[in-house]
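Novice: What would the 3D arrangement of this be:
(2 chains)
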Amino acid sequence: KAGVTQTPRYLIKTRGQQVTLSCSPISGHRSVSWYQQTPGQGLQFLFEYFSETQRNKGNFPGRFSGRQFSNSRSEMNVSTLELGDSALYLCASSITTGFSPLHFGNGTRLTVT
Amino acid sequence: AQTVTQSQPEMSVQEAETVTLSCTYDTSENNYYLFWYKQPPSRQMILVIRQEAYKQQNATENRFSVNFQKAAKSFSLKISDSQLGDTAMYFCAFMNPVVNNAGNMLTFGGGTRLMVKP
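Specialist: As a prediction, the model looks like this:
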């Protein structure tokens, strides 16, 4: 069974631009979560989608948004990029909720210059 | 809000020896889940072990076991017979699906960098 796939693996953008990251969950998984990982703030929850509905949202500005498609694939978008948005963005999928283990992808490394 | 604290930023252990990583958390809830994740240089987070708060018995997975002390809000990870492949960042994480709208939101600790030396 294929794991969680995130594309692209690396991305370099300029301040003010926008970016879209993609995540394909494990087949059959309906929940997709996104996390931002930085050296200073550690791992922070961005949002979670379940059956195309946003179920939870972390404490991030409105520039961060996401969506989930009917095949459970998810995208996250960051508009008006700032230098502080440079981070590793991790996607995780799960069959359902709670004690079901989260399976993470290898992440997308975003660098904003 | 829940918080998770890992007080050891870095640790090292000799191959084949045992090491314990500490984790404490703060919550007013009674039912929740706790996890340890490993992140090797490949960046992929891998689930090591998980514990349901209502279970008193400590979880074990091969060489990995936890010491769950609910009253003390402590959740330490013991790695026995350490191997070179155990070198990684280890993150303790907390989840309360009831409070978080039945979702999968994890609150992570700051991590412990473990180096296994030959």
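
Novice: and the helix or strand of chain A at the bottom of the mean pLDDT ranking, which residues are buried?
Specialist: Lowest by mean pLDDT, DSSP states H and E among the helices and strands of chain A is strand A:53-57, with a mean of 89. For strand A:53-57, the neighbour count (16 or more other Cβ atoms under 10 Å in any protein chain shown) marks A:55, A:56, A:57 as buried. Just so you know, the C-beta spots here come from the backbone N, C-alpha and C atoms, and that holds for glycine as well.

Novice: tell me what it is packed against?
Specialist: strand A:42-50, strand A:64-68 (3 or more Cβ pairs under 8 Å, 6 or more residues apart in numbering or on different chains; DSSP states H and E).

Novice: among those, which is the most enclosed?
Specialist: The highest average neighbour count among those, using mean count of other Cβ atoms under 10 Å in any protein chain shown, belongs to strand A:42-50 at a mean of 22.

Novice: Run through the neighbouring helices and strands of that one.
Specialist: Looks like strand A:42-50 contacts strand A:31-38, strand A:53-57, strand A:64-68, strand A:74-78, strand B:107-108 (3+ Cβ pairs under 8 Å, 6+ apart).

Novice: Pull up the pairing partners for it, direction included.
Specialist: strand A:31-38 (antiparallel), strand A:53-57 (antiparallel) (DSSP bridges).

Novice: who wins for proximity to residue B:69 among the ones you listed?
Specialist: Of all the strands paired with strand A:42-50, it is strand A:31-38 that lies closest to residue B:69, at 27.1 Å by Cβ to Cβ.

Novice: relative to strand A:64-68, how tilted is the least confident helix or strand of chain A?
Specialist: Angle, strand A:53-57 to strand A:64-68, by axes from the mean of the first three to the mean of the last three Cα atoms, to 10 degrees: 140 degrees.

Novice: picking that back up, present the helices and strands packed on strand A:42-50 as TSV; the columns should include distance to residue A:91.
Specialist: Shown next, in TSV, are the helices and strands packed on strand A:42-50 (distance: least, Cβ to Cβ, whole Å):
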stretch	distance to residue A:91
strand A:31-38	6
strand A:53-57	14
strand A:64-68	10
strand A:74-78	7
strand B:107-108	15
